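[1] Provide a 3D model corresponding to the input given below.
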Amino acid sequence: MNKVTIYSASWCGFCHAAKQYLDSIGIKYQDKDVEHDAKAADEAVTKSGQRGIPVLDIEGDIVIGFDRPRIDAALKAHNITAKA
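    You can find the predicted model right below:
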């Protein structure tokens with residue numbers, strides 16, 4: 001089971017930045033495309049309470065947008081580290 005899920009769209013620059021950041025620090029994640037998956041879009045709205053993306057779900061901690069300090073804090077809080 002993935003501990004990190006990102007709700008994103010192909011045209012979203014901040015989504016790309018968030019995924020590139022997670023990739024750069026070796027964090028595995030599940031990417032859900034809200035543009036082509038209505039269920040994923042509904043999940044993102046339910047979890048975040050708004051329609052903006054990206055939405056990151058880090059073990060239940062919701063981070064809206066590419067907020068690197070909040071992403072780092074949530075990863076640390078849940079002991080999520082790079083996988084070899």
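[2] going forward, measure contacts and count neighbours with C-alpha atoms only.
    Fine.
[3] Could you pull out the helices in the protein for me?
    Ranges of helices within the chain are 13-24, 38-48, 68-77, based on DSSP state H.
[4] closest to P54 out of those?
    P54 sits nearest to helix 13-24 of all the helices of the chain, at 5.0 Å, using CA to CA.
[5] The closest one relative to helix 68-77, how many degrees between them?
    Here helix 13-24 runs at an angle of 40 degrees relative to helix 68-77 (axes from the mean of the first three to the mean of the last three CA atoms, to 10 degrees).
[6] mind listing what's buried in helix 13-24?
    Across helix 13-24, burial judged by 16 or more other CA atoms under 10 Å covers F14, C15, H16, A18, K19, L22.
[7] mean confidence for that helix?
    Confidence for helix 13-24, expressed as mean pLDDT, is 97.
[8] which residues sit against that helix?
    Contacts to helix 13-24, defined as CA atoms under 8 Å, 6 or more residues apart in numbering, come from residues I6, S8, A9, S10, K28, Y29, I53, P54, G65, F66, R68.
[9] and these, which are buried?
    Buried residues within these, counting neighbours by 16+ other CA under 10 Å: I6, S8, A9, K28, Y29, I53, P54, G65, F66.
[10] Which members of those residues occur in strands, if any?
    Using DSSP state E, the subset of the buried ones among the contacts of helix 13-24 located in strands is I6, S8.
[11] could you dump the buried ones among the contacts of helix 13-24 to JSON lines with distance to V45?
    Formatted as JSON lines, the buried ones among the contacts of helix 13-24 follow (distance: CA to CA, whole Å):
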{"residue": "I6", "distance to V45": "12"}
{"residue": "S8", "distance to V45": "12"}
{"residue": "A9", "distance to V45": "14"}
{"residue": "K28", "distance to V45": "22"}
{"residue": "Y29", "distance to V45": "19"}
{"residue": "I53", "distance to V45": "9"}
{"residue": "P54", "distance to V45": "11"}
{"residue": "G65", "distance to V45": "13"}
{"residue": "F66", "distance to V45": "16"}
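[12] wait, what's in contact with the closest residue to G26 other than its chain neighbours?
    For G26, ignoring the flanking residues on the chain, the nearest one in space by CA to CA, 6 or more residues apart in numbering is A82 at 4.4 Å. Neighbour list for A82: I25, G26, I27, K28 [criterion: CA under 8 Å, 6+ apart].
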